[in-house]
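# okay, structure incoming, though there's no sequence with it:
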């Protein structure tokens, strides 16, 4: 919280194949040492998240929507409705210029409690993606995207469920966003108490925040003869 801002301009240079190239939009102005452009780290943070937040401008005002997403290589697919104005505005990359967006995901890993209120913080992992989104219109890519969205929630589920029919597909829209301008930011470790506060009689440390899956609960109308799939039991 007390890190000084750094607003110097970033020079774009070619990055190795296993990293993203930093840009002015992907280099944080605070706590630069926590930023990473490592593709493996970015992918792991994205793949562990169920929900992303998609930000864009609509009618001159900012809008941020929580929604499902999936990753296929260096491309993200975001789910929506065909009646959604932002998805219609995204176009298919030929008839419209696309929709400028900012997509984020965040995991909270710990509550960092310091002796001073000022130094309280969170341990977290986050990813921010800037780019231009386009609506997916190619039927084959759309099938790939929808499978990715389902498998992102539970790997293997797309092959163990009925695919969308014509009516459902007509009501479903997907936009794609390439992973180009991307950065991760991670905080780990304990509180950063000031030396003069170390003798204060207040508890200081980290409270881990851990997520997990409970035991699957079958639907009330599920046929008892339908066994729990192995990929669900593995959760």
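Sure, I can see it. Quick caveat, the model's predicted, so the values are computed rather than measured.

# surely residue 72 touches residue 148?
Yes: with contact defined as CB atoms under 8 Å, residue 72 counts as touching residue 148 (5.0 Å). To be clear about C-beta, it is placed using only N, CA and C from the backbone, and glycine gets the same treatment.

# which one's more surrounded, the two?
Set side by side, residue 72 and residue 148 show unequal neighbour counts under other CB atoms under 10 Å, the larger going to residue 148 at 20 against 16.

# now for the helix or strand hosting the more buried one, which elements pack on it?
For residue 148, the enclosing helix or strand under DSSP states H and E is helix 139-153. With contacts defined as 3 or more CB pairs under 8 Å, 6 or more residues apart in numbering; DSSP states H and E, the packing partners of helix 139-153 are strand 61-72, strand 75-81, strand 172-178.

# residues contacting it, please?
Contacts made with helix 139-153 from outside it, assessed by CB atoms under 8 Å, 6 or more residues apart in numbering, are listed as 47, 50, 68-72, 77, 79, 136, 157-158, 161, 163-164, 169, 172, 174, 176.

# try stretch 99-107
Taking CB under 8 Å, 6+ apart as the criterion, the residues outside stretch 99-107 that touch it are 45-46, 48-49, 51-57, 69, 76, 78, 86, 89-91, 124-134, 175, 177.

# in strands only, show me those.
Here DSSP state E is the test, and the contacts of stretch 99-107 give 51-57, 69, 76, 78, 124-134, 175, 177 as lying in strands.

# please pull out the lowest mean pLDDT helix or strand from the chain.
Counting by mean pLDDT, DSSP states H and E, the weakest-scoring helix or strand in the chain turns out to be helix 85-90, with a mean of 68.

# of the contacts of helix 139-153, grab the buried ones for PyMOL.
Burial among these is assessed by 16 or more other CB atoms under 10 Å; the matching PyMOL selection reads:
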select buried, resi 69+70+71+72+77+79+136+158+169+172+174+176
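
# sounds good, over and out.
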